[in-house]
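> Just a sequence and a predicted model for now, questions to come.
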Amino acid sequence: MMEKVKFMEGKKVYLRPFEIHDVDLVYYGKNNAQVRETLFLFEPVSKENVIHHINLWNNSSESVLFTICKQDDGTAVGQTALLRIDYISRAAIFYIAIYNPLFWSQGFAGEATQLVVKYAFDVLNLHRIQLHVSQENENGIRAYLKAGFKHEGTLRQAMYHQNKYIDFWVMAILREEYYA
């Protein structure tokens with residue numbers, strides 16, 4: 001039997017390419033009330049839609065998609081990606097989602113973020129990685145700050161959610177900050 005594919009490894013998690021059985025995890029997460037809250041999703045998502053969306057990311061030269069797995073037993077817990085990769089400007093958008101609330105607040109997202117940042121700078125030779133995060137997502141902001149992201153600005157009242165408008169932060173890390 002072959003060993004598990006581990007594209008990048010940390011202490012708590014490893015990143016691997018998407019596999020077709022990961023559709024069930026994403027389908028569950030995008031339809032779970034707690035997860036939907038954090039991702040600002042508002043409508044049911046079919047398995048067909050999940051497959052279509054993942055295929056768009058997986059088959060694009062402008063994105064790199066990883067499944068986040070627990071190091072101890074290989075359980076898939078979420079996905080992370082670099083999206084809209086611009087090889088001229090050497091910039092990308094960072095995405096991460098832990099699709100099962102049972103795996104929140106265990107350091108998986110933080111370590112996966114650090115692995116993707118390392119990959120972006122060391123392998124893809126990018127210059128800038130940015131993201132948008134709800135100002136209310138304290139855990140996410142903490143993980144991004146720990147990975148070296150800096151708060152660059154605020155998108156005021158950027159999203160309507162739970163009967164109010166939410167501010168979003170623009171956060172980014174530059175190559176020279178990562179290597180400093």
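Arrived safely.

> For the lengthiest helix in the chain, enumerate the helices and strands it packs against.
Longest helix of the chain, by residue count under DSSP state H: helix 108-122. Using 3 or more C-beta pairs under 8 Å, 6 or more residues apart in numbering; DSSP states H and E, the elements in contact with helix 108-122 are strand 8-9, strand 13-16, strand 64-70, strand 76-86, strand 91-98, strand 128-134, helix 138-146, helix 175-179. Glycine gets a C-beta too; all of them are placed from N, C-alpha and C.

> try 7 Å this time
If contacts are counted by 3 or more C-beta pairs under 7 Å, 6 or more residues apart in numbering; DSSP states H and E, helix 108-122 sits against strand 13-16, strand 76-86, strand 91-98, helix 138-146, helix 175-179.

> Between strand 64-70 and it, find me the angle.
Relative orientation of helix 108-122 and strand 64-70, computed by axes from the mean of the first three to the mean of the last three C-alpha atoms, to 10 degrees: 140 degrees.

> quick one: contacts of helix 108-122?
When contacts are defined by C-beta atoms under 7 Å, 6 or more residues apart in numbering, helix 108-122 is touched by residues 8, 10-13, 15, 68, 77, 80, 82, 92, 94, 96, 98, 126, 129, 143-144, 146-148, 173, 175, 178.

> Go again with 8 Å.
By C-beta atoms under 8 Å, 6 or more residues apart in numbering, the surrounding residues in contact with helix 108-122 are 8-13, 15, 64, 66, 68, 70, 77-78, 80-82, 92, 94, 96, 98, 126, 129, 139-140, 142-144, 146-148, 173, 175, 178-179.

> Buried ones among the residues you listed?
8, 10, 12-13, 15, 64, 66, 68, 77-78, 80-82, 92, 94, 96, 98, 126, 129, 140, 143-144, 147-148, 173, 175, 178 (16 or more other C-beta atoms under 10 Å).
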